[in-house]
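Q: just to be clear, the model below is a prediction. Sequence and coordinates:
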Amino acid sequence: MTRDSGEELAAVALGLPEATGSRRVAWAALPREVTARIERLLGSPVVTAISQPGGFSEGLAARVLLADGSRVFVKAAGSSTAPAVADFHRREIAVSRRLPGRAPVPRLLDAYDDGTWVALVFEEIPGRLPAQPWRPEELDRVLSAVTEMANVLTPSPVEAAVLGRPRLGGWSALAEDTAAWAKVAELSPWAARRIDRLVGLEENASLDGRTLLHGDLYPFNIMLTADRVFVVDWPHAWVGPRHCDVVTLLSSASLSGVDPQPIAESHPLTRDLDRGRLDEVLALHAGFLLRAATSAGPAADRNLVAMMTALGLSSLRWLSRRL
């Protein structure tokens with residue numbers, strides 16, 4: 001690593017930005033006809049609904065206590081106000097219904113879709129998000145769980161027709177977008193001087209594989225209980241190489257000051273991986289995130305843009321040390 005590349009990327013402040021979108025909707029703010037339909041789905045009136053941190057989906061994301069004493073987790077979004085999120089919810093319903101019982105995921109109890117509003121009801125997980133910055137013992141637990149998850153989800157139990165495309169890549173498009181590229185060059189002069197190398201990694205990347213991948217594996221999509229690790233929010237799942245989720249998770253851990261390289265060299269999903277395959281994932285990951293962040297308009301969720309920028313730069317930081 002050259003001196004200038006390390007200084008440029010290390011200048012980015014460490015730490016995970018605000019891990020909740022700024023456009024969550026409270027239960028009381030949902031249309032009454034929607035809450036009534038959801039309560040009929042639940043079979044009991046809602047007593048309390050507490051919005052939860054973590055994730056960036058617009059709409060409702062709440063732990064719910066029902067009049068019969070049971071507890072569930074409810075997500076909901078409307079196509080008129082958040083069409084992309086509503087479509088993600090529809091895909092998550094399809095994916096969740098196909099996940100095996102052994103997978104470390106909350107169980108989908110029911111779902112509702114009237115063509116405009118989409119709601120998902122999951123079992124409540126009596127846990128919490130991992131501490132940030134990462135605590136070593138919690139990161140170890142999660143890394144072990146990711147290995148087990150890859151074993152359970154290989155071969156993929158979900159057919160490709162149900163899934164979206166992997167959210168990876170963007171350097172070729174950035175190179176042709178003058179305004180977005182200027183923002184990337186400001187964020188990372190290192191990347192600006194190596195655009196040909198980054199485009200090459202993207203174009204030659206191999207994403208062949210048989211594992212169902214989460215596709216968005218960051219701390220805000222992980223729940224810890226006393227003895228288990230759960231991975232939540234599956235609309236971006238795709239089928240590919242077993243190592244991709246752990247690489248993106250480790251790149252985000254660098255925002256806590258964790259050096260991902262020694263962990264990757266010993267982790268079961270990456271220790272025998274060809275060096276170029278890991279570099280490709282880092283380049284693809286950074287390209288997608290930085291393209292999305294720098295192309296976002298003024299109406300975009302500011303917390304989401306900050307998170308994408310930080311995560312994209314964390315992948316570039318690791319990649320710069322490897323090249």
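A: Thanks, I have it.

Q: just the helices in the stretch 151-300 of the chain please.
A: Shown for the stretch 151-300 of the chain, the helices assigned by DSSP state H, counting those that start in this stretch span residues 171-175, 178-187, 189-192, 195-203, 244-253, 260-266, 275-295.

Q: so which of those helices comes closest to residue 56?
A: The closest of these to residue 56 is helix 275-295. By C-beta to C-beta, the value is 11.5 Å. (Each C-beta comes from the backbone N, C-alpha and C, glycine too.)

Q: using neighbour counts, pick out the buried residues of the helix or strand following that closest one.
A: Proceeding N to C from helix 275-295, the next assigned helix or strand is helix 302-322, under DSSP states H and E. Using 16 or more other C-beta atoms under 10 Å as the burial criterion, the residues of helix 302-322 that qualify are 303-305, 307-320.

Q: who's the closest spatial neighbour of residue 218, skipping the chain neighbours?
A: Excluding its sequence neighbours, the residue lying closest to residue 218 (C-beta to C-beta, 6 or more residues apart in numbering) is residue 252, at 5.1 Å.

Q: er, residue 287 I mean
A: Of all residues not flanking residue 287 in the chain, residue 170 sits nearest, at 3.6 Å (C-beta to C-beta, 6+ apart).

Q: so what pLDDT did that neighbour get?
A: pLDDT for residue 170: 97.

Q: go on, residue 22?
A: Note for residue 22: predicted pLDDT of 68.

Q: cool, and residue 300?
A: Residue 300 carries a pLDDT value of 86.

Q: now swap in the one 4 residues further on and tell me
A: Turning to residue 304, the model gives it a pLDDT of 89.

Q: quick one: it from residue 277, how far?
A: Distance of residue 304 to residue 277, computed by C-beta to C-beta, to the nearest Å: 29 Å.

Q: residue contacts, the residue minimising distance to the centre of the chain?
A: With distances taken as C-alpha atoms, centre = their mean, the chain has residue 216 as the residue nearest its mean C-alpha position (2.3 Å). Contacts of residue 216 were listed using C-beta atoms under 8 Å, 6 or more residues apart in numbering, and they are 167, 233, 236.

Q: so how far is residue 284 from residue 198?
A: Applying C-beta to C-beta to residue 198 and residue 284 gives a distance of 9 Å.

Q: where in the stretch 151-300 of the chain is pLDDT low?
A: Regions of the stretch 151-300 of the chain meeting the criterion pLDDT under 70 are absent.

Q: again, 90 this time
A: Low-confidence segments of the stretch 151-300 of the chain, defined by pLDDT under 90: 164, 297-300.

Q: pop the domain breakdown of this structure in here.
A: The domain map for the chain lists 3-19+129-322, 27-123, with the assignment taken from automatic domain parsing.

Q: I'd say residue 281 and residue 249 touch.
A: No. Counting by C-beta atoms under 8 Å, no contact exists between residue 281 and residue 249, whose distance comes to 11.2 Å.

Q: contacts only, for residue 182.
A: Here residue 182 is in contact with no residue (C-beta under 8 Å, 6+ apart).
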